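> Sequence and predicted structure, then a few things I'm wondering about:
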Amino acid sequence: SLSPWWRSAVVYQVYLRSFADSNGDGIGDLAGLRSRLPYLSWLGVDALWINPHYPSGGADGGYDIADYRAVDPDYGDVADLEALVADARRLGLKVVLDVVPNHTSDQHPWFQAALADPEAPEASRYHFAPASEEPPNNWRSLFGGPAWSRTPDGRWYLHLFAPEQPDLNWRDPAVAADFEKTLRFWLDRGVSGFRVDVAYGLFKDAELRDNPGTYSPTLFGHGPEQAMTWNQPEVHDVWRRWREITDEYPDTMIVGEVCLADPQEVALYSRPDEMHQSFCFRLLKSGWDTEAFADGVRSALDAFGSVGAPVSWVLGNHDKDRQVTRFGGGALGTARARAAALLMLSLPGSAYLYAGDELGLPQAVVPDEAKTDPIFFRSGGARAGRDGCRIPMPWNDTAGVGFSPDGAADPWLPIPADWSGYAVSAQTRDGGSMLTLYRRALALRAAHPALGSGEARVETAGDVLTVHCAGDDETVRCVVNMGTETVLVRTTGTVLLASSTSVRQSAGSIALPPNTAAWISED
Ligand code: BGC
Ligand code: CA
């Protein structure tokens with residue numbers, strides 16, 4: 001089709017540290033990922049998005065970046081990334097990197113220079129406040145605790161996330177200039193675009209001046225006390241500039257993590273001269289709820305349709321509990337995750353698969369002493385944090401699940417005893433596995449443009465959610481029975497794929513059991 005690849009791409013999210021370890025140190029790395037590219041090609045995805053690969057203080061899973069134009073030694077070096085891009089290209093896979101403009105690591109040279117000298121030019125690239133007994137205001141960090149920490153000489157600095165992640169001051173033109181260098185550095189090395197972290201609001205000086213009141217954001221929006229005006233005019237100027245730059249490189253795209261509650265506000269970031277697309281988090285945030293799913297899908301399609309941008313659908317990522325667990329866990333959660341996969345992969349737009357979701361991985365329980373997430377530490381243990389959805393990928397049924405060469409080394413997060421039961425090796429051979437379902441669905445999605453590129457109409461009848469996906473010469477109906485009773489779907493169409501083997505077709509109708517979805521081709 002003539003439309004650009006990213007409009008209906010299936011992008012596979014790789015949490016680099018947990019995907020494949022090539023050198024036996026228990027940490028996933030670029031060479032390990034490179035060795036697994038044939039698996040991604042076999043699975044049938046179009047691109048991979050790699051979570052941050054950069055030198056980092058390691059305080060927030062790599063989202064505290066100390067050098068934007070380098071590779072953390074844990075993962076390899078720039079040549080390894082270039083080799084990965086070249087191998088991926090040979091397999092028809094595109095590589096998208098993560099980029100974090102909202103804040104740097106406190107280990108970044110800029111912040112270190114600002115700590116050493118309050119008058120250093122780098123100091124104006126952050127939000128410092130003069131020494132005082134109390135912080136400038138009572139804003140809270142998204143990770144819990146105050147959004148202000150003190151420097152050794154008593155000054156305060158702003159961090160909406162962890163203290164190791166000082167917020168950048170985008171008023172200082174040196175900040176924008178450096179990020180433009182970073183975009184070009186990686187685009188020149190053949191990457192196909194960027195996933196932009198915390199893309200909703202880079203300019204905080206107005207809020208600091210005008211709204212010093214209580215501010216307690218949630219990760220996907222604002223706290224009730226203080227709705228920050230995230231959607232500042234200037235932030236759209238930044239995305240227009242980034243779009244100009246990426247448009248100089250063919251076949252590239254930017255997908256934004258715009259964590260705002262209103263999809264119409266989010267869609268503004270994907271106007272034709274801004275980011276190509278951004279995530280719809282509604283399916284990620286809601287439980288197994290027919291109206292929540294229908295409303296999430298409709299509102300995203302309407303909002304992004306109004307600006308002519310595709311929606312980036314996502315059911316799982318490195319920040320939320322695994323969907324099998326979110327949907328109830330065990331056989332129930334697995335059945336629902338299988339049905340949700342067909343729903344997501346039917347919708348027009350791009351679909352993001354989080355590594356391991358194609359295996360039906362559940363949320364793992366990580367012992368406190370093995371936890372690494374600042375959300376756990378800053379909540380004093382009240383919140384479990386995100387380690388449980390970042391466990392190393394199970395490749396085979398040995399004890400070390402094939403994550404490291406011959407099972408050497410202790411993986412950076414402990415591997416649960418039952419993890420080998422989800423391994424790629426066994427699921428590849430099992431026609432009824434989640435992996436086989438994903439692989440079949442991806443192949444059908446590629447063969448039927450109505451899936452992923454159709455005109456969608458969403459309807460609900462009780463607990464049955466139906467998406468009519470109209471292509472040029474075919475309509476595929478995705479029917480999801482989210483209820484507790486088997487439903488009869490009247491159709492003379494053909495079942496392309498069902499999320500469970502217990503779907504029965506008889507003359508003129510299909511019996512769809514609870515927590516099951518089916519793709520029905522109707523001319
Ligand atoms: C990322 C999180 C990270 C936070 C701060 C989010 O968008 O997905 O993993 O903790 O930004 O960078
Ligand atoms: Ca390694």
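Received it, and whenever you're ready, just let me know what you need. Ligands and ions are numbered 1, 2, ... in the order given.

> Not counting its neighbours along the chain, what's nearest whatever residue of the stretch 51-200 of the chain ends up closest to ligand 2?
Closest to ligand 2 within the stretch 51-200 of the chain is D74: 6.8 Å, counting by C-beta to the ion. All C-beta spots, glycine's among them, are computed from the backbone N, C-alpha and C. Among residues not flanking D74 along the chain, I27 sits closest, at 5.1 Å (C-beta to C-beta, 6 or more residues apart in numbering).

> list the contacts for the one you found?
17, 21, 74-75, 411-412 (C-beta atoms under 8 Å, 6 or more residues apart in numbering).

> do the same with G58
By C-beta under 8 Å, 6+ apart, the contact list for G58 reads D64.

> tell me the pLDDT at the closest residue to ligand 2 within the stretch 251-400 of the chain?
Nearest residue of the stretch 251-400 of the chain to ligand 2 (C-beta to the ion) works out as P392 at 10.7 Å. P392 is assigned 98 on the pLDDT scale.

> what helix or strand does the nearest residue to it once chain neighbours are set aside sit in?
Once flanking residues are discounted, P392 sits nearest to F403: 4.2 Å by C-beta to C-beta, 6+ apart. Using DSSP states H and E, F403 is not contained in any helix or strand.

> And F403, what's its pLDDT?
97.

> Is it in contact with S22, as I believe?
No. At 10.5 Å, F403 and S22 do not qualify as touching, with contact defined as C-beta atoms under 8 Å.

> of these two, who's got more company?
For F403 versus S22, the count of surrounding residues by other C-beta atoms under 10 Å is larger for F403: 27 against 20.

> coming back round to it: regarding the residue nearest to D74, what is its secondary structure?
What DSSP: H, G, I helix; E, B strand; the rest coil gives for I27 is coil.

> likewise E234?
helix.

> I figured it hits W170, correct?
Yes. With contact defined as C-beta under 8 Å, E234 reaches W170; the gap is 7.3 Å.

> Could you tell me how many residues sit around the residue nearest to H103 when sequence neighbours are not counted?
Computed as C-beta to C-beta, 6+ apart, the closest residue to H103 that is not its neighbour in sequence is Q165, at 4.3 Å. Neighbourhood size, Q165 [other C-beta under 10 Å]: 28.

> where does Q165 fall, helix, sheet strand or coil?
Look at Q165: counting by three-state DSSP, its state is coil.

> you'd agree it is up against Y63?
Yes. The pair Q165 / Y63 is scored as a contact, 7.0 Å apart, by C-beta under 8 Å.

> before we move on, the earlier item: residues touching the residue nearest to P392, list them.
F403 neighbours (C-beta under 8 Å, 6+ apart): 18, 20-21, 26, 28, 392-395, 411, 415.

> now that we're looking at it, how far away is ligand 2 from it?
Distance of F403 to ligand 2, computed by C-beta to the ion, to the nearest Å: 9 Å.

> what's around the residue in the stretch 351-500 of the chain that ligand 2 sits nearest to, how many residues?
Nearest residue of the stretch 351-500 of the chain to ligand 2: S404, at 7.3 Å (C-beta to the ion). S404: 23 surrounding residues under other C-beta under 10 Å.

> Run through the residues that contact it.
For S404, the contacting residues are 21, 24-26, 411, by C-beta under 8 Å, 6+ apart.

> ranking these by neighbours, who comes first?
Going by other C-beta under 10 Å, D21 tops the contacts of S404 with 27 neighbours.

> Surely it is in contact with L30?
No. In this structure, D21 is not within contact of L30 by C-beta under 8 Å, at 10.8 Å.

> I'd say S3 and G452 touch.
No. The pair S3 and G452 does not pass the contact test of C-beta under 8 Å, sitting 11.0 Å apart.

> Looking at the two now, which is surrounded by more residues?
Neighbour tally, S3 and G452, criterion other C-beta under 10 Å: the higher count belongs to G452, 28 against 10.

> how close does the more buried one sit to D210?
From G452 across to D210, the span is 44 Å (C-beta to C-beta, to the nearest Å).

> Check A147 too.
From A147 to D210 the distance is 16 Å (C-beta to C-beta).

> out of those two, which sits in the busier spot?
Taking other C-beta under 10 Å, A147 and D210 do not tie; A147 has more neighbours (26 against 9).

> returning to that earlier point: could you flag which of the contacts of F403 are buried?
18, 20-21, 26, 28, 392-395, 411, 415 (16 or more other C-beta atoms under 10 Å).

> Looking at these, which is nearest P374?
When the buried ones among the contacts of F403 are compared for distance to P374 (C-beta to C-beta), S18 comes out closest, at 17.4 Å.

> How about the closest one, nearest residue that isn't a chain neighbour?
S18 sits nearest to P392 (C-beta to C-beta, 6+ apart), 4.7 Å away.

> separation between that neighbour and I27?
In this structure, P392 and I27 are 9 Å apart, going by C-beta to C-beta.

> what sits in contact with each of those two?
21, 411-412.

> now those as JSON lines including distance to ligand 2?
Output for the shared contacts of P392 and I27, formatted as JSON lines (distance: C-beta to the ion, whole Å):
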{"residue": "D21", "distance to ligand 2": "4"}
{"residue": "P411", "distance to ligand 2": "10"}
{"residue": "W412", "distance to ligand 2": "9"}
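
> Filter the residues you listed down to the ones in strands?
Taking DSSP state E, every one of those sits outside strands.

> pLDDT below threshold where in the protein?
1-2, 212-231 (pLDDT under 70).

> Ramachandran angles for L158?
phi -90, psi 140 (degrees, to the nearest 10).

> From what I see, it and K204 are in contact.
Yes. L158 lies in contact with K204 (C-beta under 8 Å); the separation is 6.8 Å.

> Give me the common contacts of the two.
With C-beta under 8 Å, 6+ apart, L158 and K204 have common neighbours 127, 167.

> dump the residue contacts of the closest residue to S3 other than its chain neighbours.
What sits nearest to S3 in space, not counting adjacent residues and going by C-beta to C-beta, 6+ apart, is S453, at 7.4 Å. Residues near S453 by C-beta under 8 Å, 6+ apart: 1, 3, 7-8, 348, 471.

> mind checking how far S453 is from G360?
Taking C-beta to C-beta as the criterion, S453 is separated from G360 by 27 Å.

> Over to V424?
Distance from V424 to G360, by C-beta to C-beta: 12 Å.

> ditto for R386
19 Å.

> just R69 next, same as before
38 Å.

> These two - which one has more neighbours?
G360 (22 against 14).

> doesn't M434 make contact with the more buried one?
Yes. If you go by C-beta under 8 Å, G360 and M434 touch, sitting 3.9 Å apart.

> Please enumerate the shared neighbours of those two.
Shared contacts of G360 and M434, defined by C-beta under 8 Å, 6+ apart, comprise 334, 337-338.

> and the residue in the stretch 401-523 of the chain that ligand 1 sits nearest to, what does it touch?
Among the residues of the stretch 401-523 of the chain, L413 lies closest to ligand 1, at 15.0 Å counting by C-beta to the nearest ligand atom. The contact partners of L413, by C-beta under 8 Å, 6+ apart, come to 18, 366, 370, 372, 387, 390-392.

> how about the residues of the stretch 1-150 of the chain near ligand 1?
The stretch 1-150 of the chain comes close to ligand 1 at residues 60-61, 63, 100, as judged by C-beta under 6 Å from any ligand atom.

> Sorry, wrong one. I was asking about the chain.
Near ligand 1, when you scan the chain using C-beta under 6 Å from any ligand atom, you find 60-61, 63, 100, 161, 197-198, 257, 318-319.

> OK, contacts around the residue nearest in space to the middle of the chain?
Centroid check for the chain by C-alpha atoms, centre = their mean gives N317 as the closest residue, at 4.5 Å. Counting by C-beta under 8 Å, 6+ apart, N317 makes contact with 13, 284, 352, 354.

> Perfect, that will be all.
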